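J.: Got a sequence here, can you build the structure:
(one chain, ligands or ions: 1)
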Amino acid sequence: MQTDISPKISIEENLLKSAQTYFIEQVLPQAALLDRDTKALKQAFQGMGDRGLLGLNVPQQWGGKGVSELTYRRFQILVARYSGALAFLQTQHQGAVSKLISSPNAPLKQTYLPLMATGETLVGVGFSQLRRQGKPLMQAIPVKGGYRLTGEVPWITGWGIFEEFIIGATLPTSESLYGMVPFQEETGLSFSQPMELAVMGVTNTVSATLTDWFLPSDRLVSLHPPGTVQENDRKNVLHHGFFALGCAQAGLDILKQAYQRKTLPFLSQVLDSLTEEVTRCTETMLGSLSSKRVPYEKRLQLRGWAINLAQRCTQGAVTASSGGANFLSHPAQRVYREALVFTVLGQTTEIMEETLNQLR
Ligand SMILES: Cc1cc2nc3c(=O)[nH]c(=O)nc-3n(C[C@H](O)[C@H](O)[C@H](O)COP(=O)(O)OP(=O)(O)OC[C@H]3O[C@@H](n4cnc5c(N)ncnc54)[C@H](O)[C@@H]3O)c2cc1C
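T.: Got it, this is the predicted structure:
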């Protein structure tokens with residue numbers, strides 16, 4: 001992904017515009033359905049692939065659009081504004097894309113990236129266990145021709161949607177390993193039933209158990225020195241915050257509709273004040289993408305602010321929608337639940353602390 005504001009700016013603006021048109025015309029009207037029907041969600045996801053939106057951050061040499069980081073983060077806000085489930089599902093696939101982009105395994109990249117950019121091949125991720133402290137949940141032992149993996153993956157989204165996933169495991173040297181694993185049962189590899197979740201259940205999240213499962217060397221995505229996960233979490237602390245901003249914006253859209261129906265002056269005052277704050281937070285976050293220019297502590301505080309705004313704007317949407325917000329089909333309760341997931345997605349201890357501190 002390029003980090004400069006490139007001369008291709010108008011092409012990128014057009015890409016964002018066409019993404020927004022797709023989300024407004026085809027995703028938003030069925031956002032409630034996408035929240036509960038996996039088949040419909042998969043179709044909408046495929047619609048993103050058909051429009052090149054799954055390859056935004058894939059370099060052009062691998063068949064993607066190779067957009068600037070600024071454009072990519074604006075896209076994240078957009079998708080979360082119109083459907084949290086779609087944003088959540090596609091981010092797992094995009095997470096796998098990012099891991100492959102930085103992989104030294106050229107044949108694996110060549111095989112997967114062009115197909116992942118169009119959505120012809122769909123890949124998820126299961127590496128949040130690398131953030132856990134203490135004995136590694138998923139261990140990898142080097143053997144002839146590859147690695148033997150044993151342990152648990154607590155979260156993998158996309159059962160029945162993704163064909164494979166990139167696993168994270170810890171080596172005896174404390175290095176971390178990423179590798180391609182089939183997302184279907186076989187000897188030494190089993191999955192739970194999709195979890196019953198209050199939100200994003202539609203994305204079919206499961207856990208996996210691996211017992212002495214063999215990962216051949218040619219399926220190895222990458223190896224990283226100890227501490228890389230924590231280092232990346234700090235470097236990328238803003239990233240999931242863009243979904244929280246999109247969720248906040250979705251809350252504001254509902255608040256605005258409530259004002260148009262009820263015309264109560266205080267609704268407009270709250271709407272104006274929250275809109276101003278979301279705009280300020282968005283501009284500051286988009287201006288703080290470089291970890292070299294903006295210190296970690298400042299970016300951590302911004303992530304907490306975005307989460308806090310998602311929580312407040314969706315609470316505003318519920319309150320302004322009154323009792324109707326309790327209907328399962330009502331958008332206010334959907335975005336309220338989505339705020340829950342965007343609060344904990346990619347959470348580290350420091351993000352948890354910052355999120356809680358901003359509630360005081
Ligand atoms: C619906 C859903 C789907 C998801 N899908 C995926 C997926 O497809 N792929 C994926 O990789 N992840 C996925 N996740 C994981 C998601 O990113 C995690 O929510 C996030 O990483 C936090 O992990 P956790 O909830 O397991 O909490 P934990 O990892 O247990 O805790 C979060 C942080 O707190 C720290 N912590 C926990 N316990 C202690 C303790 N006792 N002492 C000190 N520090 C502690 C941890 O070290 C960690 O930094 C999903 C999550 C949800 C809710």
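
J.: Quick one: residues contacting Lys235.
T.: Lys235 makes contact with Ser291, according to Cβ atoms under 8 Å, 6 or more residues apart in numbering. Quick note: C-beta positions are derived from backbone N, CA and C, even for glycine.

J.: Next one: it, what pLDDT does it get?
T.: We have a pLDDT of 94 for Lys235.

J.: again, but for Gln133
T.: Gln133 carries a pLDDT score of 89 in this model.

J.: Neighbours of it, how many?
T.: Residues lying near Gln133 (other Cβ atoms under 10 Å) number 6.

J.: Identify the residues contacting Ala325.
T.: Ala325 sits in contact with 317-319, 332-333, 336, where contact means Cβ under 8 Å, 6+ apart.

J.: what separates it from Ala332, distance-wise?
T.: Per Cβ to Cβ, to the nearest Å, Ala325 is found 4 Å from Ala332.

J.: Which neighbours do those two have in common?
T.: 317-318.

J.: quick one: Ala332 and Gly160, what's the gap?
T.: Here the criterion is Cβ to Cβ. By it, Ala332 lies 29 Å from Gly160.

J.: Who has more neighbours out of the two?
T.: Remark: of Ala332 and Gly160, Ala332 carries more neighbours, 26 against 13, as counted by other Cβ under 10 Å.

J.: That one: what's it in contact with?
T.: Ala332 touches 251, 254, 314, 317-318, 320-321, 324-325, counting by Cβ under 8 Å, 6+ apart.

J.: which intervals of the chain have sub-threshold pLDDT?
T.: 1-8 (pLDDT under 70).

J.: mind listing the strands for it?
T.: Ranges of strands in the chain, per DSSP state E, are 123-126, 138-143, 146-157, 164-170, 176-182, 189-191, 205-216, 220-224.

J.: okay if I get these as CSV plus mean neighbour count and distance to the ligand?
T.: Putting the strands of the chain into CSV (neighbours: other Cβ atoms under 10 Å; distance: least, Cβ to the nearest ligand atom, whole Å) gives the following:
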stretch, mean neighbour count, distance to the ligand
strand 123-126, 26, 5
strand 138-143, 18, 11
strand 146-157, 19, 3
strand 164-170, 25, 7
strand 176-182, 22, 11
strand 189-191, 16, 12
strand 205-216, 18, 4
strand 220-224, 18, 14
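
J.: Could I get those in JSON lines, plus columns for distance to Lys42?
T.: Listed next are the strands of the chain as JSON lines, based on distance: least, Cβ to Cβ, whole Å:
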{"stretch": "strand 123-126", "distance to Lys42": "13"}
{"stretch": "strand 138-143", "distance to Lys42": "27"}
{"stretch": "strand 146-157", "distance to Lys42": "12"}
{"stretch": "strand 164-170", "distance to Lys42": "16"}
{"stretch": "strand 176-182", "distance to Lys42": "18"}
{"stretch": "strand 189-191", "distance to Lys42": "18"}
{"stretch": "strand 205-216", "distance to Lys42": "15"}
{"stretch": "strand 220-224", "distance to Lys42": "24"}
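
J.: closest one to Phe88 among the ones you listed?
T.: Closest to Phe88 of those is strand 146-157 (Cβ to Cβ; 7.0 Å).

J.: Spell out which residues of the chain are next to the ligand.
T.: Counting by Cβ under 6 Å from any ligand atom, the chain comes close to the ligand at 92, 124-128, 131-133, 154-157, 197, 200, 205, 341, 344-349, 352.

J.: how about the helices of the stretch 1-150 of the chain, start to end?
T.: 9-22, 31-34, 38-50, 69-82, 84-101, 106-118 (DSSP state H, counting those that start in this stretch).

J.: how about the shortest one: buried residues?
T.: By neighbour count, and taking 16 or more other Cβ atoms under 10 Å as the criterion, the buried residues in helix 31-34 are 31-34.

J.: check contacts around Lys42.
T.: Ile161.

J.: What values do phi and psi take at the closest residue to Leu122 other than its chain neighbours?
T.: Sequence neighbours aside, Phe162 is the residue nearest to Leu122 in space, at 4.7 Å (criterion: Cβ to Cβ, 6 or more residues apart in numbering). Per-residue torsions, Phe162: phi -90, psi 150 (degrees, to the nearest 10).

J.: Does Phe162 touch Gln90 like I think?
T.: No. Using Cβ atoms under 8 Å, Phe162 is not in contact with Gln90, being 11.1 Å away.
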